[in-house]
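[1] Quick one: sequence and predicted model below, then my questions.
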Amino acid sequence: MRKALALGIATAFVAVSLVGCGSNGSNASSTSSNSSASGAYKDGTYKAEQAAFDDHGYKGQIEITVKDGKITNVLYNEVDKDGKFKRDDENYASKMKAKTNTTPKEADEKLQQELIDSQDTSKVDTVAGATETSKTFKELADQALKDAKN
């Protein structure tokens, strides 16, 4: 009985010790990766663009600015073959607003602000009525930020 109790206590001690080591190790690497101020990214401007135009004739483009390790500015647009932005197409916007109660400009601005606020693409919510735009935004943001990760 004493051996079993001693063995149980020893096992518990080892388990607690290992958990403590794992925690310290992750804090240390987390601290070193956040050494540029307290952010998770390297300073700079990062861009990504879809390779092809979608069924509506647009392709997404994103430019993300990182300063002091944090995302400080996000500019997302969908552009047509003539270089015109979807957000500026009043006809498209009015049809979309009538159908989904949002416009490309409203969706873009909401996505941009959510990324700045959350600093994490996985925490950016899909905009109701702009599901494909939201999906493209997140994919391009992930692609652009790939090189920015410390």
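    All right, it came through fine.

[2] does residue 82 sit in a helix, a strand or a coil?
    coil (DSSP: H, G, I helix; E, B strand; the rest coil).

[3] Okay, it and residue 101: tell me how far apart.
    Distance from residue 82 to residue 101, counting by C-beta to C-beta, to the nearest Å: 28 Å. C-beta coordinates here come from the backbone N, C-alpha and C atoms, glycine included.

[4] These two: which has the busier surroundings?
    Using other C-beta atoms under 10 Å, the more surrounded residue of residue 82 and residue 101 is residue 101, with 10 against 6.

[5] which one is that one nearest to, not counting chain neighbours?
    residue 129 (5.9 Å; C-beta to C-beta, 6 or more residues apart in numbering).

[6] Touching, residue 75 and residue 47? I think so.
    No. With contact defined as C-beta atoms under 8 Å, residue 75 does not count as touching residue 47 (9.4 Å).

[7] Can you check which residues contact both of those two?
    Listed as contacting both residue 75 and residue 47 by C-beta atoms under 8 Å, 6 or more residues apart in numbering are 62-64.
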